[in-house]
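Participant: coordinates only, no sequence provided:
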DNA sequence: TACTTTCAACTG
DNA sequence: CGGACAGTTGAAAGTA
């Protein structure tokens, strides 16, 4: 082994009791380790600051990596040494790369400095270079030097017929080897220095340590979900591809007939010209979000505007809506599934998404390649039966089902109990339909609510208004969601705050607190940083963030319950597969009847105690036997003993 | 050419 | 002064 520690640094660190602590990083030929990209350089920095570096060769035509047998053995020995604590920045990436390439299992304690940084302050950049530049004042020059050299090498390589990536960062193997080494080793130096930087607050214990530890558990839970992947029905993907291609070409023909064959339907600019300049439609503006605050309001050609024009009899608008819908399902979902998926060890076509645990500032999870969290959900829509992407998701195996379990109104429960709003808490505990009641209060004198369809529509608007107010909406957006004028919107806001005065007071308190401190602190001790003029966001951060804390702990708990449980021999082990903010997905043998209850037990947990609730959070189970679009309520639902 | 911004789509 | 929150992705258009 090349790693030596000359003398132990004063180590009051609780993280490593024995063995060594080594920062580790890889340079790779790309980001997609499921699809052939591989690590070609490996750097190490030990706790004393001693560096090591190993580099293999990359064939510039095939992009295949080759390592000497000794080097490979050294690296695998390091990775599999359970006594070595491995410190990484974005650990899931490097572990995934190595496990895929070497076919080994990384052992030993994993420490991710990205987690330390994100828990410290989720509102600031946590990429290794900018982070170290900020907190450790380390220059980013090494990366600039390497990148400049890579750009030059790429220009030459293009002529030579090399296989290039569209991303300069994925072609680091082409750059000057000395610069690459310098860069790689500096990265593990950075990582180790970050570790030194954060170990003090960590060792002080308290909420920071608890959160960092919890996040490391979530990291490994998400890694296991990613490794398992979710099953995709290839035949269904083919079917939907044909379906959407047909839809697209059908509407393109119609558009040709209408005389707009030359317009690029993906270009908002060209569409704006057609509708506002040629057809002289009255202006419809984009709803401005706070991000766009400084910008001038702009004309929109989004589906809502098109819908309006379609309702006035505009055929072109009607066609664009249908075309875009089909195009979106194809481009963003179906074809992504086909490109990203691969056969798993049992021969099932499977998607392996990438969960980010250090993404959203509210400390929710996010998801990429593909983003499982924004796949169309026809069940929540009034129309839109053609949004069929979920049909591609399917249980793997004959006796297999998927359980989707979602919290019932977590954000509302969290809002009312964090704010201690008397009316809200009572309504929830009495199991009242608060959105319906609000709809009656606001609009029953205007509409016939004995008609269920009418009631449903306005109940939904009331619900949207409540969420709007939690998110900090102003009169303008309330006008949009309620579809009313200024005075009516003002009245709605007044009625809401009169109904939930505790929530209103709480929101104002949080905003003040945010303005004074620059952050607010959630019940699990996490700080949500709120900058200057954005103090109205504090309430939302608190609620969204607290719901996320609950879900992360629930995921750990489900994973643990399923991992350590021994099902009967004929059943394969139930496994946690995915999560979508307030929802979890588990794959299990349908004959294994105990699974739903385990999930619900884990999700209901004892979170209510932390949130000041007298009863547990409620979660409902749905079951999928065919595909995700055909979820059905599980009957009967598991029953839990109430704990107080 | 390569990188960034804008817009539109979808989710909770 | 008054703001709908948090995301990911792809295509077009703008900029260096």
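Facilitator: Received it, and whenever you're ready, just let me know what you need. Not measured: the values here are computed from a predicted model.

Participant: okay, CA-based contacts and neighbour counts for the rest of this
Facilitator: Noted.

Participant: not counting sequence-adjacent ones, nearest residue to the residue minimising distance to the centre of chain A?
Facilitator: The C-alpha lying nearest the average C-alpha coordinate of chain A belongs to residue A:366 (CA atoms, centre = their mean; 1.0 Å). Once flanking residues are discounted, residue A:366 sits nearest to residue A:356: 5.2 Å by CA to CA, 6 or more residues apart in numbering.

Participant: residue A:370 is in contact with that neighbour, correct?
Facilitator: No: in this structure residue A:356 lies outside contact range of residue A:370 using CA atoms under 8 Å: 12.0 Å.

Participant: stretch A:456-467 and DNA strand B, any residue contact?
Facilitator: No: figure legend: stretch A:456-467 not in contact with DNA strand B (CA under 7 Å from any atom of the strand); closest approach 9.3 Å.

Participant: what residues does the stretch 251-400 of chain A put near DNA strand B?
Facilitator: So the stretch 251-400 of chain A meets DNA strand B at A:268, A:286, A:298-304, A:321, A:324-325, A:328, A:373-378, A:380-381 (CA under 7 Å from any atom of the strand).

Participant: these, buried ones only, as a PyMOL selection?
Facilitator: Remark: buried members of these, expressed as a PyMOL selection using 16 or more other CA atoms under 10 Å:
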select buried, chain A and resi 299+300+301+302+303+321+324+325+375+376+378
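
Participant: filter the residues of the stretch 251-400 of chain A next to DNA strand B down to just the ones in helices.
Facilitator: Secondary structure from DSSP state H places A:268, A:303, A:304, A:321, A:324, A:325, A:328 of those in helices.

Participant: and which of these is nearest residue A:551?
Facilitator: Set against residue A:551, the nearest of those by CA to CA is residue A:328 (29.5 Å).

Participant: against residue A:455, how distant is the closest one?
Facilitator: 32 Å (CA to CA, to the nearest Å).

Participant: return the closest of the ones in helices among the residues of the stretch 251-400 of chain A next to DNA strand B with respect to residue A:442.
Facilitator: Of all these, residue A:442 sits closest to residue A:304, with 24.8 Å by CA to CA.

Participant: now do the strands in the stretch 351-500 of chain A.
Facilitator: Using DSSP state E, counting those that start in this stretch, the strands of the stretch 351-500 of chain A run over A:354-356, A:366-368, A:400-407.

Participant: how about those, which one is nearest residue A:445?
Facilitator: strand A:400-407 (33.2 Å).

Participant: quick one: contacts of that closest one?
Facilitator: A:394-395, A:582-590, A:596, A:599-600, A:603, A:617-626 (CA atoms under 8 Å, 6 or more residues apart in numbering).

Participant: picking that back up, just put the strands of the stretch 351-500 of chain A in CSV and tack on mean pLDDT and distance to DNA strand C.
Facilitator: Rendered in CSV, the data for those read as follows (pLDDT from 0 to 100; distance: least, CA to the nearest atom of the strand, whole Å):
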stretch, mean pLDDT, distance to DNA strand C
strand A:354-356, 96, 7
strand A:366-368, 95, 3
strand A:400-407, 97, 17
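
Participant: which of those is buried the deepest?
Facilitator: strand A:400-407 (a mean of 24; mean count of other CA atoms under 10 Å).

Participant: who's in contact with residue A:531?
Facilitator: Neighbouring residues of residue A:531 by CA under 8 Å, 6+ apart: A:514, A:515, A:518, A:519.

Participant: hmm, which two among those are most spread apart?
Facilitator: Greatest spatial distance among the contacts of residue A:531 (CA to CA): A:515 and A:519, at 7.6 Å.

Participant: secondary structure element holding residue A:588?
Facilitator: strand A:583-589 (DSSP states H and E).

Participant: give me the contact list for that strand.
Facilitator: A:395, A:399-407, A:555, A:571-579, A:595.

Participant: kindly recompute the last result at 7 Å.
Facilitator: A:395, A:399-407, A:571-579 (CA atoms under 7 Å, 6 or more residues apart in numbering).

Participant: filter the ones in helices among the residues of the stretch 251-400 of chain A next to DNA strand B down to the ones near DNA strand C?
Facilitator: Answer for these near DNA strand C (CA under 7 Å from any atom of the strand): residue A:268.

Participant: could you export the ones in helices among the residues of the stretch 251-400 of chain A next to DNA strand B to JSON lines, including columns for pLDDT?
Facilitator: As requested, those are exported to JSON lines (pLDDT from 0 to 100):
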{"residue": "A:268", "pLDDT": "92"}
{"residue": "A:303", "pLDDT": "91"}
{"residue": "A:304", "pLDDT": "90"}
{"residue": "A:321", "pLDDT": "93"}
{"residue": "A:324", "pLDDT": "92"}
{"residue": "A:325", "pLDDT": "92"}
{"residue": "A:328", "pLDDT": "92"}
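
Participant: from the ones in helices among the residues of the stretch 251-400 of chain A next to DNA strand B, pick the one nearest DNA strand C.
Facilitator: residue A:268 (6.7 Å; CA to the nearest atom of the strand).

Participant: mind listing what residue A:251 touches?
Facilitator: Neighbours of residue A:251 in contact, by CA under 7 Å, 6+ apart: A:319, A:323.

Participant: what's the helix or strand for it?
Facilitator: Using DSSP H and E, residue A:251 sits within helix A:234-258.

Participant: how far off centre is the strand holding residue A:588?
Facilitator: Distance of strand A:583-589 from the chain centroid (CA atoms, centre = their mean, to the nearest Å) equals 18 Å.

Participant: so what touches the helix or strand following that strand?
Facilitator: Moving toward the C-terminus from strand A:583-589, the next helix or strand (DSSP H and E) is helix A:595-604. Helix A:595-604 has contacts (CA under 7 Å, 6+ apart) with A:554, A:557, A:558, A:616, A:617, A:618, A:619, A:621, A:638.

Participant: 6 Å - rerun?
Facilitator: Under the contact criterion CA atoms under 6 Å, 6 or more residues apart in numbering, helix A:595-604 has outside partners A:554, A:557, A:558, A:616, A:617, A:638.

Participant: do it and DNA strand B meet at all?
Facilitator: No: interface with DNA strand B: helix A:595-604 contributes nothing (CA under 7 Å from any atom of the strand), its closest point being 14.0 Å away.

Participant: that helix: which residues count as buried?
Facilitator: Neighbour-count burial for helix A:595-604, counted by 16+ other CA under 10 Å, picks out A:595, A:596, A:598, A:599, A:600, A:601, A:602, A:603, A:604.

Participant: what's the answer for stretch A:244-260, then?
Facilitator: For stretch A:244-260, by 16+ other CA under 10 Å, it's A:244, A:247, A:248, A:251, A:252, A:255.

Participant: how about TSV for the residues you listed, with pLDDT added?
Facilitator: TSV is the format used below for the buried residues of stretch A:244-260 (pLDDT from 0 to 100):
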residue	pLDDT
A:244	94
A:247	93
A:248	93
A:251	94
A:252	93
A:255	93
